[in-house]
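# Need coordinates for the below:
(2 chains)
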2 protein chains.
Amino acid sequence: MAIPIELDHGSRQSLQGQIFEQLRHLILGGKLKPGTLVPASRVLAEQLGISRNTVLLVYDRLIAEGYLQARKAIGTYVNLELPETCLAATRRIVTSAPTSGEPVKRPAIPFIGHIQTKKAAAHLDFDFYPDRIDLDLFPHKVWRRFINRIFTSTSTHFTECCDAGGLPQLREVIADHLGIARGISVSSDQIIITAGSQEGLNLAARLLVKDGTLVATENPCYRGAASLFESYYAKLVPIPVDEKGLDVEQLPRDGVTLLYVTPSHQYPLGFTLPIERRLKLLDWARRCGAYIIEDDYDSDFRYRGSPLTALMGLDDDGCVMYLGTFSKSMGAGLRLGYLVVPKALVPAARSAKWLLNNGHAWLDQATMAEFIRSGAYGNHLRRMRNMYSKRHDCLIEALREHFGAVQLSGLESGLHLAWHLPKSYPDATELQALALNHGVGVYPIGSGTTYNVGKSEYSARTLVLGFSSLNEYQIRAGIRRIADAFINLPADSRLSAIDGHSRVPPYVHHRHQRY
Amino acid sequence: MAIPIELDHGSRQSLQGQIFEQLRHLILGGKLKPGTLVPASRVLAEQLGISRNTVLLVYDRLIAEGYLQARKAIGTYVNLELPETCLAATRRIVTSAPTSGEPVKRPAIPFIGHIQTKKAAAHLDFDFYPDRIDLDLFPHKVWRRFINRIFTSTSTHFTECCDAGGLPQLREVIADHLGIARGISVSSDQIIITAGSQEGLNLAARLLVKDGTLVATENPCYRGAASLFESYYAKLVPIPVDEKGLDVEQLPRDGVTLLYVTPSHQYPLGFTLPIERRLKLLDWARRCGAYIIEDDYDSDFRYRGSPLTALMGLDDDGCVMYLGTFSKSMGAGLRLGYLVVPKALVPAARSAKWLLNNGHAWLDQATMAEFIRSGAYGNHLRRMRNMYSKRHDCLIEALREHFGAVQLSGLESGLHLAWHLPKSYPDATELQALALNHGVGVYPIGSGTTYNVGKSEYSARTLVLGFSSLNEYQIRAGIRRIADAFINLPADSRLSAIDGHSRVPPYVHHRHQRY
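Next comes the predicted model:
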């Protein structure tokens, strides 16, 4: 029996692989039925004009996988144990015929998370998207030198997972840093190294959030946090924000398991929670037995006064978890951050991290530890702070130059600020659309990385402007571009906010809708 | 008023930091009450014998943080807005007195995961712990060369998260590899890069498992998987394993959402699921609408015949998710793996990964992609396969030399094998204890990385022996050591399995108990 096999000698796939696949498909497709003898290896080799050894290797593999069986004195034949029903069920692999019989009844998957749309920045000349940083600001040379130093000077640990909580020496330098820079006194055991603060949030959510858990958040807040809690079936409880940050008086008296808060630089409005509210917040958590996640995403960059003592530094009831990240100071592509947990939660948090991914990659941790320990991180931070301080001032100056006495918030620190538009201006989505049409990206609250948990007085008339990925020239040019477009609007359009958003191109709503 | 501040000029903390902390504690401790004037900066500087500028900086920071307020003509005083109750609540920071009043009522955290105990290998001379590999086998020089090449030859991406699903070029070379090596035809979109296969399991669990979801697993199985599903409140359904792997006939007819299976090399017993069972399994999944996770943890190392076609390569109903890892071929400290999902699950899996940690670190992905693309990975795999093949044969030889016609399973591939003890031997935990007393680690089913989901016929009389972290000399010496100890046992102890495990030191049970 000649078997219909065709070889492509120009193919990337080996001859052996091609013969194997074709025989397999002939068997699964029912062309070679159970019990059918296949040609002797010598015969098939001759038929195909190849070495007998190749055919023998293919037969061996087909025997190993159970497609063929071999018996002395009989020969090699298609396995009798291949049940007919299975052949029928998989025949479609070969024939590509539509699924026969009843379709697969597969239940809807219970997962309810949605990805944050990646903004399409390619067509924008100047993009004030928050939370991005310049590639040029990453300390490439120094980082590379440190990696090479790690390879030569210490023993490597590529072949075993390190401690689920993270590399001990990295946790130690972070503990030191937190003590000095943030007034938090913790032992290194309490620190879990994570792939960015998003993974830290995930660990915290894994520990505390179940179906129906009440999680309070600032409103507006960081989208990545809100979406995460919702994906664990939490119920979000929005707490309003005013010019002193979270309005502590409006927290529910009980029922809330977890509060997510950004005391240093409210995300996205930039307000700083003053000491009296911090103390009240801790008192509230104590009374209602809630935990607090303090997301301290950008307090390394403070332009006025000294850094504030973190909420965790004031807590002595063990209710605060502190979220830190190197995404702003170094770069988000490094995926390095940490979660600091109260002592009582250490075993659970370590377990959650172990179950999540067995701990963090070794080399990045070792490099970061040495980078901090050597003082290079401190130098880098100072250089970045200086650079961002200039960009920060430049943005404020440009806004004042073109738009007069602008009302801004979040100026003390961080990598973005919020611009509160006067009543006489188009509203935030209209201004966004106008800017977009002129190649500039600005972001109303509720778009991009920001999220309105409930109604917020800021959603209609506030724009978020990130300045960390643009240089001073770009910042000035971007703001000038918006100003020019704005001034050239007909006078009635400048007030179109009143008559129903008529100027907003529909795609703006789609690209930035909430999800 | 002289303020009780003491400076330690030898301290690592700056003078400014010391004064700040002490003043803050005095205020929070109620020693300096709201409204109290603090000394003029000049006065405090004189009192402490330091520069006035230092005091001014401290006062500025305390004002910025809301501890102090300053008014012209009045001076600087403790903030009146610090509510008395808050002061009381935080006084314990300073006094370290026991918590006064009602204790914090904090609900039990709902998280139910437990960490896998890290085995203490330090005191063992020869440790046959599975899933470990030699540090010396990591290709340090080549890897370092590739990292340096990445730094110089391509643009770097340290400052932005890459695609949540992973670096496109890495996913492409993995898709190619899967097609050639495992018979899986997927587009690179279906691949999600993860921190090891544990994170891939986590993504799959996030998509499909809720409170009470029925998850079927082989029994015995991999502990990391079972513990993970349980931490998501799944109900595990144990399915027996025989010498052909998972006993497909014993799967429940419906109700199961997810099946976790290791068809290439059953974990931990090493059996290979033959083609007829694979086809029946797919038929079962189709009929009851279940998904299957195929964990293909070590099929790169096959010593007899060609690699088997993966279950996912046979699936045309989109029910199989495939879990791959570089932990065995490269090293677990790299934390690199991937989950391949059916097309219909791509958007949800990407979202889950984004919510988890925004995607994987850039440099490791870029290096791995180039390592594979260049052919260096193929060379490395061949070198490792050759090395492990020798260790594998050496272990079998040593067992036969000392224990005669041993009954082994899992010999076709992988980095461990299972030794089924004859009835005349002590049982598995006794032999483990005996070996441990002589500095050798061997592992009964249910200890270490293996898990008995329910009763298993293998739990009492099977030992798992990993050979990938020991060289041939160590393998021979380790087995000889066990044999010597075994032979020197008094004859009645060799049969002590019958009279109640009397020789098992209690700590063995503790160190290897199930959790």
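# Not counting the lengthiest strand in chain A itself, show me its contacts.
Longest strand in chain A by number of residues (criterion: DSSP state E): strand A:235-242. Strand A:235-242 is contacted by residues A:212-220, A:226, A:229-230, A:246-247, A:250-252, A:256, A:259, A:266, A:269, A:271, A:453-454, A:456-458 when judged by C-beta atoms under 8 Å, 6 or more residues apart in numbering or on different chains. In short, each C-beta sits where N, CA and C put it, glycine included.
# check whether whichever helix or strand comes after it contacts chain B.
The first helix or strand that comes after strand A:235-242 along the chain, using DSSP states H and E, is strand A:245-246. No: Strand A:245-246 is not in contact with chain B by C-beta under 8 Å from any C-beta of the partner chain; minimum separation 11.4 Å.
# what comes up buried for the following helix or strand past strand A:245-246?
Proceeding N to C from strand A:245-246, the next assigned helix or strand is strand A:256-261, under DSSP H and E. Buried positions in strand A:256-261, judged by neighbour count with 16 or more other C-beta atoms under 10 Å in any protein chain shown: A:256-261.
# And for stretch A:475-488?
Those would be A:475-476, A:478-479, A:481-482, A:485-486, for stretch A:475-488 by 16+ other C-beta under 10 Å.
# export it as CSV, just CAs?
C-alpha atoms of stretch A:475-488 as CSV (Å, rounded to 0.1, in the frame of the first residue of the first chain):
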residue,chain,number,x,y,z
ILE,A,475,5.9,70.9,27.3
ARG,A,476,5.9,74.6,26.1
ALA,A,477,5.1,73.6,22.5
GLY,A,478,2.3,71.3,23.6
ILE,A,479,0.6,73.9,25.8
ARG,A,480,1.1,76.6,23.1
ARG,A,481,-0.6,74.3,20.6
ILE,A,482,-3.7,73.9,22.8
ALA,A,483,-3.8,77.7,23.4
ASP,A,484,-3.6,78.5,19.7
ALA,A,485,-6.4,76.1,18.9
PHE,A,486,-8.5,77.4,21.8
ILE,A,487,-8.0,81.0,20.8
ASN,A,488,-9.0,80.3,17.2
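# For it, give me every contacting residue.
In contact with stretch A:475-488 (C-beta under 8 Å, 6+ apart) are residues A:125-126, A:128, A:391, A:394-395, A:398-399, A:401-403, A:431, A:434-435, A:437-440, A:442, A:467, A:470, A:494.
# pLDDT on that stretch, on average?
Mean pLDDT, stretch A:475-488: 94.
# now do stretch A:53-72
Mean predicted lDDT for stretch A:53-72 stands at 86.
# again with stretch A:349-361
Per-residue pLDDT values over stretch A:349-361 give a mean of 95.
# for stretch A:13-20, same thing?
On average, stretch A:13-20 scores 87.
# ok, that stretch near chain B or not?
Yes: for stretch A:13-20 and chain B, the contact criterion (C-beta under 8 Å from any C-beta) is met by A:13, A:16-17, A:20.
# what's the answer for stretch A:181-188, then?
Yes: using C-beta under 8 Å from any C-beta, we find that stretch A:181-188 touches chain B at A:Gly183.
# related to what we said a few turns ago, if you count neighbours, what's buried in the longest strand of chain A?
A:236-241.
# With distance to A:Ile191 as new columns, can those residues be given to me in a markdown table?
Below are those laid out as a markdown table (distance: C-beta to C-beta, whole Å):
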| residue | distance to A:Ile191 |
| --- | --- |
| A:Leu236 | 28 |
| A:Val237 | 29 |
| A:Pro238 | 30 |
| A:Ile239 | 28 |
| A:Pro240 | 32 |
| A:Val241 | 29 |
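# pLDDT for the residues you listed - can I get that in a markdown table?
Shown next, in a markdown table, are the buried residues of strand A:235-242 (pLDDT from 0 to 100):
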| residue | pLDDT |
| --- | --- |
| A:Leu236 | 97 |
| A:Val237 | 97 |
| A:Pro238 | 96 |
| A:Ile239 | 97 |
| A:Pro240 | 96 |
| A:Val241 | 96 |
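# coming back round to it: which one (most neighbours) among the residues of stretch A:13-20 next to chain B?
In terms of neighbours by other C-beta atoms under 10 Å in any protein chain shown, those top out with A:Phe20 at 22 neighbours.
# I'd say that one and A:Val55 touch.
No: the pair A:Phe20 / A:Val55 is not scored as a contact, 10.2 Å apart, by C-beta atoms under 8 Å.
# What is the nearest of the residues of stretch A:13-20 next to chain B to A:Gly66?
A:Gly66 lies nearest to A:Phe20 out of the residues of stretch A:13-20 next to chain B, by C-beta to C-beta, at 13.4 Å.
# Give me the phi and psi for the closest one.
phi -60, psi -50 (degrees, to the nearest 10).
# And A:Gln69, by the same measure?
The phi/psi pair for A:Gln69 (degrees, to the nearest 10) is phi -130, psi 150.
# try A:Leu417
Here A:Leu417 shows phi and psi, under degrees, to the nearest 10, equal to phi -140, psi 170.
# is chain B contacted by the top helix by length along chain A?
Ranked by residue count, the top helix of chain A under DSSP state H comes out as helix A:376-403. No: interface with chain B: helix A:376-403 contributes nothing (C-beta under 8 Å from any C-beta), its closest point being 11.4 Å away.
# What average pLDDT does that helix get?
When pLDDT is averaged over helix A:376-403, the result is 95.
# helices or strands up against it?
Using 3 or more C-beta pairs under 8 Å, 6 or more residues apart in numbering or on different chains; DSSP states H and E as the contact definition, the elements that helix A:376-403 packs against are helix A:140-153, helix A:362-373, strand A:416-420, helix A:472-487.
# Could you see whether chain B lies near the next helix or strand after it?
Going down the chain from helix A:376-403, the next helix or strand is strand A:407-409, by DSSP H and E. No: between strand A:407-409 and chain B, judged by C-beta under 8 Å from any C-beta, nothing touches; the nearest distance is 15.9 Å.
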